[in-house]
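Enquirer: Build me a model:
(2 chains)
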Amino acid sequence: MRNMLSLAGSLLRGGGRRTVLDLSLTVVGVAIPVAVILLVVGTVTGFRERENAMAWREPTPAEAGATALQRRSYQAWQGQRVDVVELKSLDGTPPVPPGMERFPREGEIWISPALEEVLDDGGWSTFQERLGGQIVGVLGREALAYGDELVAVVGNGSLEPTSEDELLPFDHRHGGGFMPSDVLPIAEFAESGTDPSLPLLYTIAAWIAGALLVAPSISLLGAGARLTAARRGRRLAALRLAGATSGQVTALAALETAFGAVLGIGLGVVVALAGMGVVASSIPLGGGRFGFADLIPSPLAFAMILIGALVVAVGSALAGLREVRATPLGVVRQARRKRPGWRRFFVMVAAWAAFIATIPITQASGQYVMLVGGLAVVILSISTVGPVFAWVMGWITTRFSRGPRGLVAGRRLMADPIGSFRPTTGLVLIAFVAGFLLLSSATLPEISTDDSALVLAAPGPGVEVDIESWQQRLAKEYPEATFGTSTYGQLSITLPRGTDVEAERTRIAQITGALTLTEAEIDYENRLFIEDVRRAMWVVVGIALIQAAFATGVGSAASVLEQANTLAALSLAGTPTSQLQGARALQSAIPITISSAVFVALGAAAGGLTMIGVDPDVTIVIPSLIQGAFVVVAAAVAAVGGAALSRPVLQSVLAQPLAER
Amino acid sequence: MTLERPVLIGRGLTKRYGDVTAIADVDIDIWRGSSIALTGPSGAGKTTLLHVLAGIIRPDEGTVTLEGVRIDSASDRERSRLRRRHFGFVFQEGYLVPELTALENVALPLMLLGQPKARALREAQRWFEPFGIGGLEHRRPAELSGGQAQRVAIARSIVTGPSVVFADEPTAALDSETTHRTMTLLESAVRHANAGLVVVTHDPEVAARCDVQISILDGRLRRAA
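Expert: Below is the predicted model:
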């Protein structure tokens, strides 16, 4: 083993510029996916931390030995939501809530720093009146899920435990409304838990985004390592001829790749930490920004990702050396690769047929799982049919090209459609999802932003309300107000301009006992989520574009090194470098651009069909074509930019005299 | 009466790599219709001289003149254009573009000179039967034998009607029978195109077939026959 290490070191040191290039490809090929995977896992970790950080606010009923009563409710304040925890001590030894020095006494209100800032604008006394107490303290960071959160803790002596037969039949957080929880006896505050509302949705969305980004990341990771190792084939074959055993050659390749992979992992960690810094400082999700520390995955997850990256990189490198290991003469030969079978195309047709078949079944049964399953099959079929697209595009380009650039690019596509499509896989998936979201989100009913009227909602499930009585009482108090009906059929009241809405909301609640919210506030969580999904979609598209550019660059640079002698010979014979580089850029741009356009359109079609599956009477709204076109143009730019990354490699190859190779 | 002149003239050519002098004060003339073999041990400067004559690298001293035009002082771009138009190249391993068919490989130089694809392919097609590779037009390089690939490479070097063909160890990877056939084809193609031929070789039999043999040692011409 010591000899192997020494020999691997000599090979690395003595390899010169080519080894530096090889090593760089491995480092970049490993660093980018490691960074992406760490960021995705970090985001999921962040939401998990957030769930745990807010778990204490949800009353966890004590089996025995209860020392306090707790209720969680929400207050609307200037279009935002304030999380309110009401507490009452039962025996004088209640648990101390996180972020507080002590249990709140009756009539005391503790507020978060962000809420303090909001109230400083003039709502201090109204807020105190609404919660029935005096603000006496500021909550510490331990009480909050994120720094900007609006939270209040109230000592409420009037709390009485909800009786057995009045307990809510469901989790009050479902649906993201403003429903208060039951009043429950507690012995301690929960330290961890899951939240069925926003955090759950965000965690699911983060996993979906992660799945979209991680699959191509792993492919990029493997491609980078495999391609560099495959080029080592000739040198390692020479070692086999000199008497090295298959195991020794394997160990050498593994050591060389591991060296590059470790450097790549280090770079990936640095990039991921920088990315976490950007997310923490600039990208609000779920209503607020993450703390940097919240985004750091657990040591176990961290170790698993880094070890996994090393294993995949080394495994891919060894897979690329199969032929050298088998026989010393088995140096990689350039042979005609098999054309991708039309069966792949029929897989996609079958997937779409299955998806479309689920629509009437879903409509009839209301079981959306069938529809989601059909959609998943369509998404899975994309990577199967992709190489067929690449081959067809190669054929068309070859057939209709007029110059050498298009001819060479087209032939390369036809020669290796799977390899040509691989760097685009991630982006094509993203293009599909972007198309899906563009159409389905455009078709969704508009989330209300109307804050002109206060809607009076029932204060709890099953509570009978007398709308006429409410209106009569309010008409006496507010003779200049106008009354109407909200989107959801409740009574709404529009107060004269210039009214202090927060003060009057408090009064109206006292008069009627109703929950008083604007329509915008009722849709608060939906709006937050949809806005975040739209923003996140562009972030994911951006990361996918960067990945696609790097994947194209790595693949292109690797293929330059593989064909170094041929390219040099062509250059010596007078072929301009621009023609060589142009063919390479075209080879990358053609599949990525056309695939993106096709899959944005297919994604939009799937989005439309899904909306019809959910609601047969829905009116499909065609979204702005500009957004779809943006994805396609950005994809083309990423491809050409990625191919341009291989230009220095090409120039380096051409600068080396043919005789010295 | 027109006095015939060499198509390519090198005078006082010197090229150094750091402290090493690859070629020193070389004078050489290349004539249309004639062939020159450059022989000598490895590292003697054969390939460097070929690259200097072909305008691939610039000499540190001396001049290279192609049909009366100095090419040693031309820009990289101009030298590339001159190579495309006036020179053909045959390398040891052919170095065909692996994704293109044999026919497309031969047509490539014509397309690079701006000919439309269809015309370039028609023009390239003409060379296959005479070169004994008829029927192989649509094969990829990986599907050709070494000798067949080298024939395609020779066709590629000659298709533009060059003034000079440079061949760097064109038969090093071939057996003696294939070497003989390949050299016969190369000589005949060059003669047919009325071009000059410069062959770098280690093989005495190949050198003996050329009109002139020049031996290079330590960058200097030692003997001319």
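Enquirer: can you tell me which residue is nearest the centre of chain B?
Expert: B:Phe166 (1.5 Å; Cα atoms, centre = their mean).
Enquirer: dump the residue contacts of that residue.
Expert: Contact analysis of B:Phe166 by Cβ atoms under 8 Å, 6 or more residues apart in numbering or on different chains lists B:50, B:53-54, B:87-90, B:198, B:200. In this view, the C-beta of every residue, glycine as well, is placed from N, C-alpha and C.
Enquirer: Kindly recompute the last result at 7 Å.
Expert: Neighbouring residues of B:Phe166 by Cβ atoms under 7 Å, 6 or more residues apart in numbering or on different chains: B:50, B:54, B:87, B:89, B:198.
Enquirer: Now rank the residues you listed by neighbours and give me the top one.
Expert: B:Phe87 (28 neighbours; other Cβ atoms under 10 Å in any protein chain shown).
Enquirer: can you pull out the strands in chain B?
Expert: Along chain B, counting by DSSP state E, strands occupy B:8-17, B:20-30, B:35-39, B:61-66, B:69-70, B:87-90, B:164-168, B:196-200, B:212-217, B:220-224.
Enquirer: what lines up beside the fifth one in the sheet?
Expert: Read that as strand B:69-70. If you go by DSSP bridges, strand B:69-70 pairs up with strand B:61-66 (antiparallel).
Enquirer: mind saving the C-alpha coords of the strand it pairs with as CSV?
Expert: Only the C-alpha atoms of strand B:61-66 are listed here, as CSV (Å, rounded to 0.1, in the frame of the first residue of the first chain):
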residue,chain,number,x,y,z
GLU,B,61,15.9,33.0,-37.4
GLY,B,62,15.6,32.5,-41.2
THR,B,63,12.8,32.7,-43.7
VAL,B,64,10.2,30.4,-45.2
THR,B,65,8.8,31.4,-48.6
LEU,B,66,5.7,29.8,-50.2
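Enquirer: Off-centre distance for that strand?
Expert: A distance of 18 Å separates the centroid of the chain from that of strand B:61-66, by Cα atoms, centre = their mean, to the nearest Å.
Enquirer: buried stuff in that strand?
Expert: Buried positions in strand B:61-66, judged by neighbour count with 16 or more other Cβ atoms under 10 Å in any protein chain shown: B:62, B:64-66.
Enquirer: Residues contacting that strand, please?
Expert: Under the contact criterion Cβ under 7 Å, 6+ apart, strand B:61-66 has outside partners B:8-14, B:52-53, B:55, B:70-72, B:82, B:86, B:163.
Enquirer: can you do 6 Å?
Expert: Residues lying outside strand B:61-66 but in contact with it, judged by Cβ atoms under 6 Å, 6 or more residues apart in numbering or on different chains, are B:8-14, B:70-72.
Enquirer: can you pull the pLDDT of the closest residue to B:Arg119 other than its chain neighbours?
Expert: The shortest distance from B:Arg119 to any residue that is not its chain neighbour, by Cβ to Cβ, 6 or more residues apart in numbering or on different chains, is 7.6 Å, and that residue is B:Leu110. With respect to pLDDT, B:Leu110 scores 89.
Enquirer: Then the one 3 residues further on?
Expert: Reading off the confidence values, B:Leu113 has pLDDT 84.
Enquirer: For burial, what's the neighbour tally of it?
Expert: The burial count for B:Leu113: 15, using other Cβ under 10 Å.
Enquirer: next one: B:Gly161
Expert: Based on other Cβ under 10 Å, the number of other residues close to B:Gly161 is 13.
Enquirer: and it, what does it touch?
Expert: By Cβ under 6 Å, 6+ apart, the residues touching B:Gly161 are B:Ala193.
Enquirer: B:Asp29 versus the closest residue to B:Thr21 other than its chain neighbours, what's the distance?
Expert: In space, not counting the residues next to it along the chain, B:Thr21 is nearest to B:Gly219; the distance is 5.1 Å by Cβ to Cβ, 6+ apart. From B:Gly219 across to B:Asp29, the span is 18 Å (Cβ to Cβ, to the nearest Å).
Enquirer: between the two, who's got more neighbours?
Expert: Here B:Gly219 and B:Asp29 are compared on neighbour count by other Cβ under 10 Å; more neighbours surround B:Gly219, at 23 against 16.
Enquirer: how about the more buried one, what does it touch?
Expert: B:Gly219 makes contacts with B:21-24, B:45, as judged by Cβ under 6 Å, 6+ apart.
Enquirer: least trustworthy helix or strand in chain A by mean pLDDT?
Expert: The helix or strand of chain A with the poorest confidence is helix A:322-326; it has a mean of 50 (mean pLDDT, DSSP states H and E).
Enquirer: list the buried ones in the helix or strand just after that one?
Expert: Using DSSP states H and E, the next helix or strand after helix A:322-326 towards the C-terminus is helix A:343-365. Of all the residues in helix A:343-365, those buried under the rule 16+ other Cβ under 10 Å are A:344-345, A:347-348, A:351-352, A:355-356, A:358-359, A:362.
Enquirer: Could you export those residues as CSV, including pLDDT and distance to A:Leu115?
Expert: Conversion of the buried residues of helix A:343-365 to CSV gives the following (pLDDT from 0 to 100; distance: Cβ to Cβ, whole Å):
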residue, pLDDT, distance to A:Leu115
A:Arg344, 83, 57
A:Phe345, 81, 58
A:Val347, 87, 55
A:Met348, 85, 53
A:Ala351, 89, 50
A:Trp352, 89, 51
A:Phe355, 86, 47
A:Ile356, 88, 50
A:Thr358, 86, 46
A:Ile359, 83, 47
A:Thr362, 79, 43
